[in-house]
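Q: sequence below, structure please.
(one chain, ligands or ions: 1)
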Amino acid sequence: MCTSENRHRTPDQILGPYFPVGRGAFTGADLIGMEAGDGQAQGEMIEVTGRIINLDGEPVRGARLTIWQANSFGRYRHPNDRNVAPLDPNFVGCTRIRSNEDGSYVIKTVKPGAYPAGPDWMRPPHIHFEVRGRFERLVTQMYFPDEPLNERDRLLAAALRPELLVAAEAKLQKTPRRILNFDIVLLRG
Ligand SMILES: [Fe+2]
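A: Got it, this is the predicted structure:
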């Protein structure tokens, strides 16, 4: 647990071209199969959980989270995405939720694939977050631990404290599903 002395605001990352369009049709903690087929999304099933807190460590309850990501092939369900990787009919890839009373949140999803962002640049697997508290908005991206592409990613490298954007493995659960922990720190909340 951090003390207030060494806690830092989660670094900003760019919003990117794939922010979800349309109204809040995807409300719910599940990014898998919300509107499409009745089969199983492809890829590694994971959960991402964490807390929204402020610099003093207080929970930010009721924060509005918009979360979006590519599918396991590295393709966004978004008209701006010209990647040739396939869509997955059982994967929506975006949601809007609120943090709980203790600031916590949890989503079920699949691990996103890497995708090309330029001729010599593969983005590592990552999940986009937009967080709106009472006083502020934070836009960032969560990365996965032990990904070789993290070392060469220009956006991650540009962050002031890139290590704060890499999720931690949470191994305490009995479920066989991989669980990652990603806390988000706002200034005031
Ligand atoms: Fe992205």
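Q: ok, Ala85 touching Gly113?
A: Yes. With contact defined as CB atoms under 8 Å, Ala85 counts as touching Gly113 (7.0 Å). Where C-beta positions appear, they are placed from N, C-alpha and C, glycine not excepted.
Q: which stretches of this structure form helices?
A: Under the criterion DSSP state H, helices of the chain are mapped to 154-158.
Q: for Ala85 and Gly113, list the residues in contact with both.
A: Contact with both Ala85 and Gly113 is made by residues Asn71, Phe73, Gly74, Arg75, according to CB atoms under 8 Å, 6 or more residues apart in numbering.
Q: neighbour-wise, which of those leads?
A: Comparing the shared contacts of Ala85 and Gly113 by number of neighbours (other CB atoms under 10 Å), Asn71 comes first, having 28 neighbours.
Q: re the thing from before, okay, Ala85 and Gly113: which has more neighbours?
A: Under the criterion of other CB under 10 Å, the comparison of Ala85 against Gly113 puts Gly113 first, with 20 against 17.
Q: may I have the residues that are in contact with that one?
A: By CB under 8 Å, 6+ apart, the contact set of Gly113 is Gly43, Ala70, Asn71, Ser72, Phe73, Gly74, Arg75, Ala85, Pro125.
Q: ok, 7 Å please
A: Listed by CB atoms under 7 Å, 6 or more residues apart in numbering, the contact set of Gly113 reads Ala70, Asn71, Ser72, Phe73, Gly74, Pro125.
Q: for the residues you listed, give me JSON lines that also has distance to Arg137 and pLDDT.
A: Putting the contacts of Gly113 into JSON lines (distance: CB to CB, whole Å; pLDDT from 0 to 100) gives the following:
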{"residue": "Ala70", "distance to Arg137": "23", "pLDDT": "97"}
{"residue": "Asn71", "distance to Arg137": "26", "pLDDT": "96"}
{"residue": "Ser72", "distance to Arg137": "29", "pLDDT": "97"}
{"residue": "Phe73", "distance to Arg137": "30", "pLDDT": "98"}
{"residue": "Gly74", "distance to Arg137": "27", "pLDDT": "98"}
{"residue": "Pro125", "distance to Arg137": "24", "pLDDT": "98"}
